[in-house]
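> Structure for this input, please:
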Amino acid sequence: MPVSRTTRSLDQFLWSLLAAPLLFAAPAAAQNFEYDLVTIEPWNLGYQLATSHASGLNNLNQVSGCASPITGNCSFLWTLETGKTPIDVAGVINDVGTIAGGIALRYPDGRVILLDEFSSVYGINEGNVVVGDVNGRYLGGCSYRTRSATVWDPVHGTRLLDRDLGILDADQARAINEFNDIIGVRSHTNSCGDWEAFLYNLDTGEFIDIHREIVGGNSGLTEVFDINDLGVAVGEGPYGRNIGEVGPFLWSRAGGVQWLPAIPNGITMRTHAYGLNNLGQVVGAGIVDGQEWHGFVWDEVNGIRDLNDLTAGIPDNFKIDRAKMINDNDWIIGSGHAGT
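Numbers count the residues shown, from 1 in each chain. This next block holds a predicted model:
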């Protein structure tokens with residue numbers, strides 16, 4: 001479902017829907033709200049388990065996602081002006097309008113090509129360079145899964161970061177910016193419990209062991225989830241030197257690690273940052289009062305703020321529980337739920 005910022009400029013904050021129809025928010029100019037809630041509804045509201053999920057957002061304020069039908073393809077492209085348009089691929093979307101999702105790439109003219117060797121897609125830039133991973137072997141249980149971080153571009157096709165580009169044990173490539181900085185995680189034991197964050201530049205071959213910068217020779221896992229065009233990445237890792245002291249961070253080549261605070265009424269190890277834009281705004285989710293997830297937005301000026309306290313038009317008994325992505329227009333996609 002979308003939420004939009006209601007300072008005279010209608011910056012949209014897009015939230016994927018839950019199981020019931022929600023209303024578009026009315027402008028709240030006279031109130032102290034930052035955002036308006038806008039919902040992207042399922043295709044069929046009569047379906048008992050109707051849901052809608054936003055998976056991609058670009059700076060043209062287009063949203064790609066999947067809305068559950070009773071039958072047929074769930075994929076959509078959404079804009080505030082046109083609403084949902086059915087398409088054949090849903091996933092991340094770049095500023096050209098190319099969508100990458102599943103194992104396919106959809107160009108704005110409607111052409112679709114398959115991405116050989118991909119299992120999952122996580123990021124795409126304006127050069128239509130796509131990153132993700134491929135599952136090599138799965139025997140059941142997290143520790144038996146083997147994956148390889150994967151990149152595809154129109155010239156070279158698919159390359160594995162470990163086999164073809166020399167990034168030992170590269171497990172997942174999670175995002176790519178316009179300067180071909182790829183961020184991801186390595187896994188030396190093929191377990192989801194030993195992730196180590198890294199950056200690799202596809203053009204220069206530069207490799208930065210973000211994990212080692214954070215933990216040194218100590219234990220702990222690190223993850224990165226998104227990177228902007230300024231080379232700033234967002235992730236999480238041990239802010240102390242004990243494995244249980246985990247918190248969200250920003251990282252850059254020049255500045256190193258900047259630790260982010262806990263969500264209001266929450267704790268640092270239950271606060272997770274998922275996305276950021278080129279203005280340095282960060283979005284994510286955290287557990288509030290030890291019992292429920294709330295979405296948040298953070299910036300240097302205002303600090304970390306609960307989106308449920310910033311948003312107009314939230315229905316009764318509804319919570320914004322996750323903020324996933326934020327674009328340069330301050331639109332955000334995420335999710336929410338109704339009920340206790």
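> And stretch 102-114, what's buried?
Judged by neighbour count (16 or more other C-beta atoms under 10 Å), stretch 102-114 contains these buried residues: Gly102, Ile103, Ala104, Leu105, Arg106. Glycine gets a C-beta too; all of them are placed from N, C-alpha and C.
> From the residues you listed, pick the one nearest Asn61.
If you rank the buried residues of stretch 102-114 by distance to Asn61 using C-beta to C-beta, Arg106 comes first, at 18.3 Å.
> Quick check: chain neighbours aside, which residue is closest to the closest one?
With sequence-adjacent residues excluded and distances taken as C-beta to C-beta, 6 or more residues apart in numbering, Arg106 is closest to Val89, at 3.8 Å.
> which residues does the one you found contact?
With C-beta atoms under 8 Å, 6 or more residues apart in numbering as the criterion, the residues that contact Val89 are Ser64, Ser75, Ile99, Ala100, Gly101, Gly102, Ala104, Leu105, Arg106, Val112.
> List just the nearest of these to Gly280.
Compare each of the contacts of Val89 with Gly280 using C-beta to C-beta and the shortest gap goes to Ser64, at 24.2 Å.
> Tell me what the closest one is bridged to.
Counting by DSSP bridges, Ser64 is bridged to Gly56, Leu77.
> Isn't Asn61 up against Asp330?
No - in this structure, Asn61 is not within contact of Asp330 by C-beta atoms under 8 Å, at 10.2 Å.
> between these two, which one's more packed in?
Asp330 (22 against 19; other C-beta atoms under 10 Å).
> average pLDDT for stretch 226-243?
The average pLDDT for stretch 226-243 rounds to 86.
> residues of that stretch that come out buried?
Neighbour counts over stretch 226-243 (16+ other C-beta under 10 Å) mark 226-228, 230-239 as buried.
> Could you identify the helix or strand that succeeds the least confident helix or strand in the chain by mean pLDDT?
Comparing helices and strands within the chain by mean pLDDT, DSSP states H and E singles out strand 11-16 as the least confident, with a mean of 37. Sequence order places strand 35-40 as the next helix or strand after strand 11-16, per DSSP states H and E.
> what's the burial count for Asp162?
Using other C-beta under 10 Å, the number of residues around Asp162 comes to 17.
> One more: the one 3 residues further on?
When neighbours are defined as other C-beta under 10 Å, Leu165 has 16 of them.
> For it, give me its contacts.
By C-beta under 8 Å, 6+ apart, the contact list for Leu165 reads Val151, Arg159, Tyr200, Leu202, Gly205.
> ok, now Pro238?
For Pro238, the contacting residues are Ile214, Val215, Asn218, Ser219, Gly220, Leu221, Thr222, Glu245, Val246, Gly247, taking C-beta under 8 Å, 6+ apart as the criterion.
> for the third one, helix, strand, or coil?
Under DSSP: H, G, I helix; E, B strand; the rest coil, the three-state class of Asn218 is coil.
> now it: how far from Ala233?
For Asn218, the distance to Ala233 (C-beta to C-beta, to the nearest Å) stands at 20 Å.
> And stretch 69-89, end to end?
Between the opening and closing residues of stretch 69-89 lies a distance of 15 Å (C-alpha to C-alpha, to the nearest Å).
> go on, stretch 221-230?
The stretch stretch 221-230 measures 25 Å between its terminal residues, going by C-alpha to C-alpha.
> Over to stretch 55-66?
End-to-end distance of stretch 55-66: 8 Å, with C-alpha to C-alpha as the criterion.
> pLDDT of it, averaged?
Rounded to a whole number, the mean pLDDT of stretch 55-66 is 95.
> Give me the residues contacting that stretch.
For stretch 55-66, contacts defined as C-beta under 8 Å, 6+ apart pick out 2, 12, 14, 16, 40, 52-54, 74-80, 87, 89-95, 97, 99, 101, 325-329, 331-333.
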